[in-house]
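Trainee: How does the following fold in three dimensions:
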Amino acid sequence: MVQVPHVYGTKQDIAKVVRSVYVNQVTWQLTKIVGALDLVGNPISLMASVGTGVKDFFYEPSQGLIQSPMAFGRGVAKGTLSLMSHTTSGALSAVGRITKTVKVVRGVREMPQMAQIAPSSSFR
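Mentor: Modelled structure (predicted):
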């Protein structure tokens with residue numbers, strides 16, 4: 001929804017406000033699309049995974065601190081484990097997606113060479 005601070009102005013002023021809103025929205029949507037591409041390892045997924053680990057790293061000990069010193073220790077261990085596992089899984093997932101993209105690009109690049117060889121050898 002476009003909100004104009006006041007309705008008094010020239011057509012050009014109002015058009016400028018509307019254009020600005022739509023340009024900002026398109027830019028934001030493109031950023032989200034590029035961020036979710038497997039071509040670059042899906043950085044949004046990586047950040048979500050790491051973010052979950054960081055949240056757990058602080059949340060689990062704080063919840064344990066409320067209960068007892070023993071629960072605090074378990075919370076530190078649980079939070080650290082979550083941080084390490086989410087960071088590792090996110091990073092490995094990103095690397096795997098980048099590797100998959102490289103493999104696909106390499107296969108597409110080599111496909112024309114294979115197409116030139118295959119027809120001539122299959123008919124002789």
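Trainee: Outline the domain layout of this structure.
Mentor: 1-35, 41-95 (automatic domain parsing).
Trainee: Reformat those domains as JSON lines; add mean pLDDT, mean neighbour count and distance to R106.
Mentor: For the C-beta atoms, the positions are set from N, CA and C on the backbone; glycine is no exception. What follows is the domains of the chain, written out as JSON lines (pLDDT from 0 to 100; neighbours: other C-beta atoms under 10 Å; distance: least, C-beta to C-beta, whole Å):
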{"stretch": "domain 1-35", "mean pLDDT": "79", "mean neighbour count": "10", "distance to R106": "22"}
{"stretch": "domain 41-95", "mean pLDDT": "92", "mean neighbour count": "16", "distance to R106": "16"}
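Trainee: Need the ones you listed in JSON lines (columns: distance to V105).
Mentor: Shown next, in JSON lines, are these (distance: least, C-beta to C-beta, whole Å):
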{"stretch": "domain 1-35", "distance to V105": "17"}
{"stretch": "domain 41-95", "distance to V105": "14"}
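Trainee: what about the longest helix belonging to the chain, distance to the chain center?
Mentor: Assignment by DSSP state H gives helix 69-122 as the longest helix of the chain. Offset of helix 69-122 from its chain centre (C-alpha atoms, centre = their mean, to the nearest Å): 13 Å.
Trainee: packing partners for it?
Mentor: Judged by 3 or more C-beta pairs under 8 Å, 6 or more residues apart in numbering; DSSP states H and E, helix 69-122 is in contact with helix 43-67.
Trainee: Let me know the angle separating the helix it packs on from helix 69-122.
Mentor: 160 degrees (axes from the mean of the first three to the mean of the last three C-alpha atoms, to 10 degrees).
Trainee: what does stretch 26-36 contact?
Mentor: Contacts of stretch 26-36 with the rest of the structure, by C-beta atoms under 8 Å, 6 or more residues apart in numbering, involve 40, 42-45.
Trainee: Quick check: the farthest pair among those residues?
Mentor: V40 and S45 (10.8 Å; C-beta to C-beta).
Trainee: any idea how far the residue sitting nearest the centre point of the chain is from G90?
Mentor: In the chain, the C-alpha nearest the mean C-alpha coordinate belongs to I44, at 1.5 Å (C-alpha atoms, centre = their mean). Distance, I44 to G90, using C-beta to C-beta, to the nearest Å: 11 Å.
Trainee: Fine, thanks again, bye for now.
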